[in-house]
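K.L.:
Structure for this input, please:
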Amino acid sequence: MCSIFGVYLREELDDKKASKISKSFVDSSDRGRDSWGIYAIRENGEVEVLKGIGTPDYDIVKDFLIRMKPKMIIGNNRAEPTTEYVPNKSPKDIQPFQYNDWIVSHNGVVANDKELIQKYGLILDTNIDSAVLPRIFSRIGSYEGVSRFLSEEFRGSHAMVFTNVRRGELCVSVDYKPAYIHNDFENNYLVITSLERYYPREIYSRVNTTYVEPYTMYCFSQDSFTKYNLLKTAEQMKVLMIASGGLDSTVATAKLLNEGHKVTLLHFNYHHKAEGPELAAVKKISEYYNLELITMDTSSMFKVIGGTNLLKGSKIPITKDRGGIVGAEYAYEWVPARNLVFISVAVALAEANGFDAVGTGINLEESGAYPDNEMEFNILLDRVLPLATEPRRRIKLLMPVGNLMKHEIVKLGYELKVPFEITWSCYEGRKKHCGRCGPCFMRKKAFVINGLKDPVMQ
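P.N.:
Take a look at the predicted model:
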């Protein structure tokens, strides 16, 4: 494994820039300490190389860059895999690798390197699998072709920085391996690193840092960039929707269906007080929309976890009538890590059964009281999911009503003709909604704001 490194300079390199760039490159050696290499590429395509064993020396790297005054820099700090250990390394065994006009710094594994060598008729002077990449890129000849190769032929894992020195763009491509793009506006250059901390914003002012979205490739030039998607995303997705039988998840389901997606409902029983009416509601909803329903029993798990008054047998009563608003706006009824547990299980089920996405009823209203309803929770989890599933299986995490308040959810549900009368929102497990717990209060208020009568509160 390695730390990749790339720089695109929009202005001439000076001592200040060289110092910052050299520090970031040396800092990134904590991800690879066996060998290092750095390519300096001038605007005319001239290349000079510096490589070594162990970790790079700051002064040596800085002096090298000042002397070369490059337009682009491509570097690599390598952690040598056990399967590719070379006891007596020479420069030909050290990344980055160059072949003709192509230079590549690769982090990851080329799992099908032997097949690629045979297919493309390659002759290598090293056993390091990454060495096949610049040779294949040279055969392909274009960035668009490279993106197709990474999408269709490449097997393994990758985050890489590469260029064709005659064309002059600096490219970064990732699957689930990490990479960050840092635009240093103060010094007018762009830096690509494996981890965000290798270019800390608290040290470098006026830096904009972007996480490279999994399964994408970008190629940067002086004043523009081109994006390539390495995985095709279906316009109509197969969505596994986590459904409680309540207002939010039902409206979210209706919205997904209205957008043309194929939806399957997933309901969790976690030994909660409203288990009976919730299950009855979600069954009616699945019948109403003619959707497959999967039910999963996690009651034994939550019995062990405990820590909530929503479980059957809890001696702590459900919060009622705390001035209405107070009871609804504070997380008195908190279930430890419930959404995280549910989403994790749902993602595993989605991965195993060919779903494209998992949907939730996360919404803006409840984010005021429940951290796991915050949009950022959904966004960050979606970002980490490529690290939780097998390569080339990108499960998206959707929040169809994530940006809506409760009264907006009711309005949307009314427009989509949602059967509110068969939904269940109450924390209690009675025959009718209690009308006094937090969800009941919020639900009643949301209908009133829209000038509607809530059929379950009649």
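
K.L.:
what's the burial count for Val191?
P.N.:
For Val191, the neighbour count with other CB atoms under 10 Å is 25. In this view, the C-beta of every residue, glycine as well, is placed from N, C-alpha and C.

K.L.:
Quick check: the closest residue to it other than its chain neighbours vs Thr83, distance?
P.N.:
Using CB to CB, 6 or more residues apart in numbering and skipping residues adjacent in sequence, the residue nearest Val191 is His182, 4.3 Å away. In this view, His182 and Thr83 are 32 Å apart by CB to CB, to the nearest Å.

K.L.:
Quick check: bridge partners of the residue nearest to Val191?
P.N.:
Taking DSSP bridges, one obtains Val191, Thr209 as the residues bridged to His182.

K.L.:
residues in contact with it?
P.N.:
Counting by CB atoms under 8 Å, 6 or more residues apart in numbering, His182 makes contact with Leu190, Val191, Ile192, Thr193, Tyr199, Tyr204, Val207, Asn208, Thr209, Thr210.

K.L.:
what about the spatially most central residue of the chain, is that helix, strand or coil?
P.N.:
The centre of the chain sits closest to Arg383, judged by CA atoms, centre = their mean, with a distance of 1.7 Å. The three-state label given to Arg383 by DSSP: H, G, I helix; E, B strand; the rest coil is helix.

K.L.:
Show me the shaky parts of the stretch 351-458 of the chain.
P.N.:
Within the stretch 351-458 of the chain, the stretches falling below the threshold (pLDDT under 70) are 458.

K.L.:
what ranges do the strands span in it?
P.N.:
Secondary structure of the stretch 351-458 of the chain (DSSP state E, counting those that start in this stretch): strands at 357-359, 396-398.

K.L.:
again with the stretch 101-250 of the chain
P.N.:
According to DSSP E, counting those that start in this stretch, the strands that the stretch 101-250 of the chain contains are 102-110, 156-164, 170-174, 180-184, 189-193, 207-211, 216-220, 225-229, 238-242.

K.L.:
Looking at those, which is nearest to Asp454?
P.N.:
strand 238-242 (22.6 Å; CB to CB).

K.L.:
Run me through the strand neighbours of the closest one, direction for each.
P.N.:
Partners of strand 238-242 in its sheet, by DSSP bridges: strand 262-269 (parallel), strand 357-359 (parallel).

K.L.:
Go ahead and name everything in contact with that strand.
P.N.:
Contacts to strand 238-242, defined as CB under 8 Å, 6+ apart, come from residues 249, 252-253, 256, 261-268, 294, 342-343, 346, 349-350, 353-361, 398.

K.L.:
Filter those down to the buried ones.
P.N.:
Buried by 16 or more other CB atoms under 10 Å: 249, 252-253, 256, 261, 263-268, 342-343, 346, 349-350, 355-361, 398, out of those.

K.L.:
ok now do the residue nearest to Gly54 when sequence neighbours are not counted, which residues does it touch?
P.N.:
Nearest residue to Gly54, sequence neighbours excluded (CB to CB, 6+ apart): Arg33, at 6.6 Å. Contact partners of Arg33, counting by CB under 8 Å, 6+ apart, are Gly54, Thr55, Asn77, Ala79.

K.L.:
repeat that with 10 Å
P.N.:
Residues in contact with Arg33 (CB atoms under 10 Å, 6 or more residues apart in numbering) are Ser3, Ile53, Gly54, Thr55, Pro56, Asn77, Arg78, Ala79, Glu80.

K.L.:
Next, the fifth one: phi, psi?
P.N.:
By that I understand Pro56. Note on Pro56: backbone dihedrals following degrees, to the nearest 10 are phi -70, psi 150.
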